[in-house]
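K.L.:
Turn this into a structure:
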Amino acid sequence: MLRNMALAGGAATVATLACWMVLNRINFPAFSHSNVLRGLATAGTTLVIVAAAVACYYWVHPRGRGKAAAFLMSAIIHLAPAALVVTSVGLPLGGTRLYLDGVSVDQAFRTQFLTRMADTPGWHDMAYVGEPSFYPGLWFFTGGIFAKITGLAGWAAYQPWALITLAVTGSMLVPVWQRLTNSVAVASAVSLTTVAVTMFYAPEEPYAAIVAMGLPAALILGYRAVRGSHLAVLGMVIYLGLSANLYTLYTGLSALSVVVLAVMAAFAARSIAPLVRLAVMGVGSMLIALVGWGPYVLAILTEPHGPTGTAQHYLPESGTEIPVPFFHAVSIGILSFIALVWLVLRYRKQDVAGLGVGLVVCYCWVVASMMITVLGTTLLGFRVELPIALILTTAGVLAIADWRLVQGPKLQTLESLQVLGAGPAAAKAITRAMAVILAVSCVHYATSIPSIKEDKIDLAYTDADGDAIRGDRQPADSTAYYAAVDEVLMDHFGQRSGTVVLTDEQHFMSFYPYHSYQAMTAHYANPLGEFARRNAAIEEWTTFSEPEELTEAMDAAETSDGWARPDALILRGQLDVEPVKDDSASLLPENGELPKVTGTGDDEFTFTLADDIYPNSPNVQFRTVAFPAELFSEGWELHQVGPYVVAIRV
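P.N.:
Presented below is the predicted three-dimensional model:
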């Protein structure tokens, strides 16, 4: 199985990267301005699913095929999940270099993290210099390596790396499910369904999505592991350990499900053996998890820090609802209802037990997340919608396969033939009919993904990328000044990493790997950075009236709190400058030259602070504070770059 997983993953990597390179070289119109990409995505998705269905049918019912035909069928089956990722998400993004959501909202911090790893791969924090990473970094670390190998900037590597990791995971699931079900056709159906559901619900978080895609298989492995399968124990150790370095919420769901399964097995067998196997899985997976989490855990135990639960301070409306995939789409609804009936009727079967327990744990987590709000936090229950949908749809596919396995042979008995009026080929005909029905349902569902994700696709076109280019070919916003700001900083410091910048320009920090004096929001800020205290310090600085007060306060914070002082500030404001010949509102200075600064002026330079105001929704409040211009009259080298004042400590 491991060999087949490696081959499938390698082939999916090459194929997806090749597809992305081709798409990246074609001048497509914006998704929202034309139906070209929508049509190509629909056609591509249809072809992928039909090809996979035909390949599965002829795999199950071979007609004197040779080695070449067998290889072709196998290649189609194993690469179809990867191809579905490309057609459902990659093609709609064919006219932009940004990924879903562009660099808006949460995608800004994710892009910043990947930009940091592309510059200096490691386990350090994306924002605060000298601190270990608080956010699980395996996906970003490997993405940084990918960026270095391909020569892409971090922000530019985000889209291909997201597509590759989603595609590779989908293709590697085929041999995994083949091992679990002993059927290539069932493995293909489960893998394609998994990819389609994941692209429908949450493709914008690829590092979380790839963990969720493996969760149903992990539940079955977990059941077999506590019952004595050594290979299943090893598989769970690897899955839990790696997932803890990718997305810990889904690791927690998986681990809790395995704990429940182990306790149930121990009671049933009247033995502690399942609990011993559970302990082995726990210790082994924690050793892997500590590769990424060890530095942070050590630092949090030995260094001053802020609140550690701020990341859970989020309760959108979807977090107050019970996820019910039955009503999201007709095909998924039918599949989910079939799954529910199967889980109830066949609960004693080992695969059903693992999925059933996992589903119950997920729903309990959702309800507990709502109840724990009385304690001032949540369990991010709204994020559990994807695992619930994947468990139900996977169970639905397995239920249909189980029915075919149990009921299919009965179709060839004399009594059944008399009732049906069919010949000996009845079972084969049923198989064909099931394949067609499943394929048509999957086509209808998967081709709707671009429409469902249209808002997120649109942001990828309307946000300007790191080169100040918008996918919809419209003029860029103030991002057009970022290259000039970066040039000013590089001329002075000579390097980006290690240079600490205080700015509220989130997109600038997403595109250029400078270290931040303050993180974007409290929810993604490292507790070791003491976000709230830094906010208070920054606000206090705006009350000063003398330049010495500002520089002394910055130095004092570095000495007393260990916060590396800002080497530069990027604020919004207007300095006194010499008049230029061209005073039109052009984005870039005439002849590429910046205006000569003659003084600080009497204006104020503004900065936006972000406050955590949970339990309010939205949970973040942005407010503007202003630095008096005279604070920068001494000890600072000043530059006017468009609307930005760039102040460099000297």
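
K.L.:
What residues does F267 make contact with?
P.N.:
Listed by C-beta atoms under 8 Å, 6 or more residues apart in numbering, F267 has no contact partners. Quick note: C-beta positions are derived from backbone N, CA and C, even for glycine.

K.L.:
in the chain, which residue is closest to the centre?
P.N.:
Residue closest to the average C-alpha location in the chain (C-alpha atoms, centre = their mean): E205, at 1.9 Å.

K.L.:
Tell me how far it lies from R534.
P.N.:
According to C-beta to C-beta, to the nearest Å, E205 stands 27 Å off from R534.

K.L.:
what domains does the record give for the chain?
P.N.:
Domain ranges of the chain: 1-109+152-199+408-474, 478-649, per automatic domain parsing.

K.L.:
Deepest-packed of the ones you listed, please.
P.N.:
When you average the neighbours per residue for each of the domains of the chain (mean count of other C-beta atoms under 10 Å), domain 1-109+152-199+408-474 leads with a mean of 20.

K.L.:
Ends of that domain, what's the gap?
P.N.:
End-to-end span of domain 1-109+152-199+408-474 (C-alpha to C-alpha, to the nearest Å): 49 Å.

K.L.:
What helices and strands are in contact with the one helix or strand A12 maps to?
P.N.:
Using DSSP states H and E, the element containing A12 is helix 2-24. Under the contact criterion of 3 or more C-beta pairs under 8 Å, 6 or more residues apart in numbering; DSSP states H and E, helix 2-24 touches helix 67-85, helix 154-181.

K.L.:
So which bits of the longest helix seen in the chain are buried?
P.N.:
Taking DSSP state H as the criterion, the chain has its longest helix at helix 273-302. Judged by neighbour count (16 or more other C-beta atoms under 10 Å), helix 273-302 contains these buried residues: 274, 277-278, 280-282, 284-286, 288-290, 292-293, 295-296, 299-300.

K.L.:
Mind checking what helix or strand follows it in sequence?
P.N.:
Past helix 273-302, the next helix or strand by DSSP H and E is helix 330-345.

K.L.:
helices or strands up against that following helix?
P.N.:
Judged by 3+ C-beta pairs under 8 Å, 6+ apart, the packing partners of helix 330-345 are helix 184-201, helix 350-371, helix 385-407, helix 426-446.

K.L.:
In the stretch 451-600 of the chain, where is pLDDT below threshold?
P.N.:
Along the stretch 451-600 of the chain, the model assigns pLDDT under 70 to residues 580-592.

K.L.:
Where do the helices of it begin and end?
P.N.:
Remark: helices assigned in the stretch 451-600 of the chain by DSSP state H, counting those that start in this stretch are 454-462, 482-493, 506-511, 531-541, 547-561.

K.L.:
Format the ones you listed as JSON lines; extra columns: distance to W365.
P.N.:
As requested, these are exported to JSON lines (distance: least, C-beta to C-beta, whole Å):
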{"stretch": "helix 454-462", "distance to W365": "25"}
{"stretch": "helix 482-493", "distance to W365": "41"}
{"stretch": "helix 506-511", "distance to W365": "31"}
{"stretch": "helix 531-541", "distance to W365": "27"}
{"stretch": "helix 547-561", "distance to W365": "37"}
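
K.L.:
Ok, which of the ones you listed comes nearest F607?
P.N.:
Nearest to F607 among these is helix 531-541; the distance by C-beta to C-beta comes to 6.9 Å.

K.L.:
wait, V237 sits on M286?
P.N.:
No - using C-beta atoms under 8 Å, V237 is not in contact with M286, being 9.4 Å away.

K.L.:
how close does G529 get to G95?
P.N.:
Distance from G529 to G95, by C-beta to C-beta: 37 Å.

K.L.:
go on, L79?
P.N.:
According to C-beta to C-beta, L79 and G95 sit 24 Å apart.

K.L.:
list the contacts for P81?
P.N.:
Residues counted as contacts of P81 (C-beta under 8 Å, 6+ apart) are 12, 167, 170-171, 173-174, 191-192, 194-195.

K.L.:
closest to L17 out of the helices and strands packed on helix 2-24?
P.N.:
Across these, L17 has its closest neighbour in helix 154-181 (6.2 Å, C-beta to C-beta).

K.L.:
counting contacts, what elements does that closest one pack onto?
P.N.:
Packed against helix 154-181 by the contact rule (3+ C-beta pairs under 8 Å, 6+ apart) you find helix 2-24, helix 67-85, helix 106-119, helix 138-150, helix 184-201, helix 206-213, helix 215-226, helix 506-511.

K.L.:
The fourth one: which residues count as buried?
P.N.:
Put plainly, it is helix 138-150. If you call a residue buried by 16+ other C-beta under 10 Å, then helix 138-150 has these buried ones: 138-144, 146-147.

K.L.:
A167: what's it in contact with?
P.N.:
Neighbouring residues of A167 by C-beta under 8 Å, 6+ apart: 12-13, 15-16, 81-83, 85-86.
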